[in-house]
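**Q** Quick one, fold the following:
(one chain, ligands or ions: 1)
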Amino acid sequence: MNIVITGCSSGIGFETVLELLKNKDNKVLGISRNKEKLSLLEGAVNSAQLQTLSLDITQLDEHQGTLQQMLHKHLQSVDVLINNAGLLVNKYFESFEPMEIDNIIDTNFKAPAAIIKFLLP
Ligand SMILES: NC(=O)c1ccc[n+]([C@@H]2O[C@H](COP(=O)([O-])OP(=O)(O)OC[C@H]3O[C@@H](n4cnc5c(N)ncnc54)[C@H](OP(=O)(O)O)[C@@H]3O)[C@@H](O)[C@H]2O)c1
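**A** Next up is the predicted model:
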């Protein structure tokens, strides 16, 4: 299968990529912001099955061309999207700043919705 996964530079996303690539029929495009951590993932996998893209999912509008190119080059079509990237602001709700609430909504709701829309055939 051809799979796009966001938030693969650490945590659950990183481990999910390792699991997905155990199946040699899977190709994965992994998206996160941190280039160094994406390089670590590429190094751990060392396989042409994986391509990574450093991209802030809340800024998809600015990077649609790059994403389109990567999709065309590596996957051609997409079977599965794993909207894993997420933001947890770990403090009491009453102390949230307005900007933090905006960031949560942008990362956890608007960005996944934009990616779904972008990837729909
Ligand atoms: N761990 C848990 O117990 C738990 C429980 C419930 C839900 N979840 C959810 O499961 C998902 C993964 O959790 P986790 O514990 O593995 O979290 P994590 O280690 O903090 O990983 C989050 C990933 O999302 C990426 N990310 C965050 N904002 C991004 C953005 N704007 N653009 C692109 N990538 C972005 C981060 O990479 P960069 O910083 O490189 O961009 C990172 O790879 C999250 O959505 C989390 O909310 C986790």
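**Q** and the spatially most distant residue from the centre of the chain, how far is that from residue 87?
**A** What lies farthest from the middle of the chain is residue 94; by C-alpha atoms, centre = their mean that is 29.7 Å. Using C-beta to C-beta, to the nearest Å, residue 94 is found at 18 Å from residue 87. In this view, the C-beta of every residue, glycine as well, is placed from N, C-alpha and C.
**Q** Tell me who's in contact with residue 14.
**A** 8, 37, 41 (C-beta atoms under 8 Å, 6 or more residues apart in numbering).
**Q** Go ahead and list the helix or strand containing it.
**A** In this structure, residue 14 sits in helix 11-20 according to DSSP states H and E.
**Q** For this structure, which residues are neighbours of the ligand?
**A** For the chain, the residues in contact with the ligand (C-beta under 6 Å from any ligand atom) are 6-13, 32-34, 37, 56-58, 84-88, 107.
**Q** Buried ones among the residues you listed?
**A** 6-9, 13, 32-33, 37, 57-58, 84-86, 107 (16 or more other C-beta atoms under 10 Å).
**Q** Which ones among these lie within helices?
**A** 13, 37 (DSSP state H).
**Q** Name the nearest of the buried ones among the residues of the chain next to the ligand relative to residue 71.
**A** Nearest to residue 71 among these is residue 6, at 13.4 Å by C-beta to C-beta.
**Q** ok, the closest one - contacts?
**A** 13, 30-32, 57, 82-85, 111-112, 115.
**Q** Can you show me the strands along this protein?
**A** Under the criterion DSSP state E, the chain contains strands at 2-6, 27-32, 50-54, 80-82.
**Q** Could I get the average pLDDT for the first one?
**A** To tie it back to what came earlier, the one meant is strand 2-6. For strand 2-6, mean pLDDT is 98.
**Q** That one pairs with which strands, and in what direction?
**A** strand 27-32 (parallel), strand 80-82 (parallel) (DSSP bridges).
**Q** Buried residues of that strand, list them for me.
**A** Using 16+ other C-beta under 10 Å as the test for burial, strand 2-6 gives 2-6.
**Q** Could you do the longest one as well?
**A** With burial defined by 16+ other C-beta under 10 Å, the residues of strand 27-32 counted as buried are 27-32.
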